[in-house]
Each structure stands twice: as structure tokens, then as C-alpha cells.
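Enquirer: Would you be able to build a 3D model of this:
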Amino acid sequence: MPRLEDLSEQARQGHLNFPCFDHDDAPFVPLAKPLSQVRLGLVTTAGIHVRGDKPFASGDQDCRVLPMDTPLRDVVMSHTSIGFDRTPFMRDPNITYPVDRLRELVARGELGGLGPNGYSFMGALRSPRTIEQETGPQVGQSLRTEGVDAVLLTPT
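Expert: Below you'll find the model as predicted:
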């Protein structure tokens with residue numbers, strides 16, 4: 001992972017001035033039941049996918065579906081960015097996609113269950129609104145259809 005001082009001025013300014021969106025209207029809804037009864041969904045922006053699926057490409061605004069029973073050895077990262085180090089993910093994918101830890105919570109009865117699928121995005125500078133306006137709402141509808149009560153969103 002490069003240091004800011006090693007980047008060109010244009011790349012440095014691009015990282016330092018990344019446009020962040022304000023969402024003052026985003027609803028917070030308290031859980032209506034205890035976690036031991038909650039079906040949890042897992043969504044990540046880490047650009048991961050099941051081995052053999054189409055890798056993420058630069059600017060990709062699509063989503064990849066990861067069936068929840070996929071072994072972690074079959075989950076790979078194709079996120080393209082100079083802004084992070086993949087080493088922790090390669091050592092333990094649960095750093096980014098904590099499916100094993102969530103399965104343990106379910107097994108102990110502390111979490112009601114997991115949705116049938118996880119979902120992965122890879123954000124991009126060019127058109128983050130596509131995820132906000134198209135693919136994100138599609139995943140939201142899928143999660144609702146799958147009976148998910150709450151979602152854990154994990155970053156890169």
C-alpha cells in the first residue's frame with residue numbers, strides 16, 4: 001500500500017478529497033426482537049466473490065452473490081485499489097467477511113440465523129450513485145425477500 005507522499009499530486013488529491021455523501025434521511029430502525037431471534041444478512045464493499053465468478057473490474061458497480069454455505073477457501077478478493085493492503089484478508093477472510101464468526105453466534109444461540117446469501121460490492125469513484133440508486137436497492141429487496149431482519153455491512 002503506497003504512502004500519500006509517494007502518489008502523484010492528482011492521485012493524492014483524489015484520495016484526500018473523495019466525495020462522501022450525506023444521508024440525513026437514512027432511517028434507523030431499532031430491532032423489534034432480540035438478536036437471538038434475528039436473521040442477519042451480510043453485505044460487504046470489499047470486492048469479494050466466489051472463486052470462479054466474474055471478478056470485479058475497475059469501476060464495477062455490480063454486486064456478487066455469495067451463498068452463505070460457501071466455504072471461505074472459495075471466497076476470493078478481486079477489489080482493485082492501491083488504497084489498501086489485501087494481506088489481512090488473505091490471512092483470515094473473516095477480517096472482512098466474518099461469516100465464520102456469525103455462524104458461531106448462530107450455533108451458540110446468540111443470533112437467530114443468517115440469510116441464505118451474502119452480497120459484495122466494489123465501490124468506485126466514477127459512479128457511486130449507481131450502487132445507491134440501482135444495485136443497492138436491488139440487494140435491499142433481495143434481503144427483504146430472504147427474510148433478513150438486519151444487515152451487517154463490512155468495509156474493505
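Enquirer: Report how many residues lie close to D85.
Expert: 9 (other Cβ atoms under 10 Å). (Glycine included, C-beta is placed from N, CA and C.)
Enquirer: Likewise for G118?
Expert: G118: 24 surrounding residues under other Cβ under 10 Å.
Enquirer: The host helix or strand of it - contacts with which helices or strands?
Expert: Using DSSP states H and E, G118 sits within strand 113-121. Under the contact criterion of 3 or more Cβ pairs under 8 Å, 6 or more residues apart in numbering; DSSP states H and E, strand 113-121 touches strand 39-44, strand 63-67, helix 99-107, helix 136-145.
Enquirer: Could you dump the ones you listed into JSON lines and include mean neighbour count and mean pLDDT?
Expert: JSON lines is the format used below for these (neighbours: other Cβ atoms under 10 Å; pLDDT from 0 to 100):
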{"stretch": "strand 39-44", "mean neighbour count": "22", "mean pLDDT": "96"}
{"stretch": "strand 63-67", "mean neighbour count": "18", "mean pLDDT": "95"}
{"stretch": "helix 99-107", "mean neighbour count": "14", "mean pLDDT": "97"}
{"stretch": "helix 136-145", "mean neighbour count": "14", "mean pLDDT": "94"}
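Enquirer: ok so, going back, please compute how far the strand holding G118 lies from its chain's middle.
Expert: Its chain's C-alpha centre and that of strand 113-121 lie 10 Å apart, by Cα atoms, centre = their mean, to the nearest Å.
Enquirer: Need the contact partners of it.
Expert: Here strand 113-121 makes contact (Cβ atoms under 8 Å, 6 or more residues apart in numbering) with 38-49, 61-68, 97, 99, 102-103, 106, 131, 135-136, 139, 142-143, 146-148.
Enquirer: Buried residues of it, list them for me.
Expert: G113, L114, G115, N117, G118, Y119, S120, F121 (16 or more other Cβ atoms under 10 Å).
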